[in-house]
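*Asks:* sequence-free structure coming up:
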């Protein structure tokens with residue numbers, strides 16, 4: 001197997017898995033890797049048999065951000081078309097992940113910094129190891145955050161926590177991230193994948209419904225929509241799901257208690 005930085009892709013039982021594979025550089029994202037991430041996202045968008053996505057990494061560290069060699073090249077002429085193209089490629093990789101039509105789960109072992117933290121935040125759900133280090137990292141490297149970094153921090157934790165991390169350079173452990181609502185759960189490294197697979201079980205079993213619920217979540221939660229408007233957004237899709245289910249499916253089977261929905 002080649003040691004060239006790459007992205008590994010697999011699909012199994014409705015779950016697509018994207019693995020950052022550049023462990024020699026703590027899974028830093030190179031330009032060829034951004035192209036592979038875009039291809040993965042295109043596959044997920046068009047393959048309606050996929051109901052969930054898992055994003056993880058090879059080795060014991062999730063992602064150290066953009067490859068520093070690309071950052072160094074950009075620093076030489078930051079306003080050049082080539083520099084803009086390099087940074088835009090990295091940005092688009094996690095923006096595409098954040099726009100996927102199915103639930104996405106990032107498995108953060110060891111740590112995530114800079115654009116690597118952006119990739120983790122782009123996922124809908126973040127699972128972390130208790131001792132993982134989640135670090136904005138831009139201030140310490142004396143560069144401004146990019147790719148909507150501050151907005152994603154604020155979306156996940158609010159203004160005060162976003163400023164603490166982005167402007168003051170504070171970092172969080174995995175356990176701290178869960179306590180602040182930044183991550184869903186902190187589990188040992190050898191339990192990360194099983195925890196993610198359990199979360200993916202129902203979406204993978206019904207990709208069509210999972211995609212519609214994900215779309216409703218995006219519309220309702222990303223726009224500050226009112227409750228009344230959300231009722232109307234959900235109405236038509238719920239009617240579709242009821243029609244798909246059919247009245248016969250509601251008939252109670254012997255020995256099974258009826259459950260309200």
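*Replies:* The structure has been received and is ready for your questions. Quantities reported herein were computed from a predicted structural model and do not represent experimental measurements.

*Asks:* centroid-nearest residue for the chain?
*Replies:* residue 123 (1.3 Å; CA atoms, centre = their mean).

*Asks:* leaving out chain neighbours, which residue sits closest to that one?
*Replies:* Excluding its sequence neighbours, the residue lying closest to residue 123 (CB to CB, 6 or more residues apart in numbering) is residue 106, at 3.7 Å. Just so you know, the C-beta spots here come from the backbone N, C-alpha and C atoms, and that holds for glycine as well.

*Asks:* show me what contacts that neighbour?
*Replies:* Residue 106 is in contact with 55, 56, 62, 119, 120, 122, 123, 125, 126, 127, counting by CB atoms under 8 Å, 6 or more residues apart in numbering.

*Asks:* then residue 157?
*Replies:* So residue 157 contacts 180, 181, 182 (CB under 8 Å, 6+ apart).

*Asks:* buried subset of those residues?
*Replies:* residue 182 (16 or more other CB atoms under 10 Å).

*Asks:* out of the contacts of residue 157, which sit inside strands?
*Replies:* Applying DSSP state E to the contacts of residue 157, no entry is found in strands.

*Asks:* ok, the contacts of residue 157 vs residue 81, which is closest?
*Replies:* Proximity of these to residue 81 (CB to CB) peaks at residue 182, which lies at 35.8 Å.

*Asks:* what does the one helix or strand residue 204 maps to contact?
*Replies:* Using DSSP states H and E, residue 204 sits in helix 192-205. With contact meaning CB under 8 Å, 6+ apart, helix 192-205 is reached by 13-15, 50-52, 54, 56, 102-103, 105, 107, 109, 125, 127, 129, 185, 187, 210.

*Asks:* and the strand or helix carrying residue 172, what does it pack onto?
*Replies:* Assessed by DSSP H and E, residue 172 sits inside strand 171-173. For strand 171-173, the elements it packs on are strand 133-135, judged by 3 or more CB pairs under 8 Å, 6 or more residues apart in numbering; DSSP states H and E.

*Asks:* mind listing the strands the strand it packs on pairs with, and their directions?
*Replies:* According to DSSP bridges, strand 133-135 forms sheet pairs with strand 111-113 (parallel), strand 171-173 (antiparallel).

*Asks:* redo those strands as JSON lines? Include mean pLDDT and mean neighbour count.
*Replies:* Listed next are these as JSON lines, based on pLDDT from 0 to 100; neighbours: other CB atoms under 10 Å:
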{"stretch": "strand 111-113", "mean pLDDT": "97", "mean neighbour count": "26"}
{"stretch": "strand 171-173", "mean pLDDT": "98", "mean neighbour count": "19"}
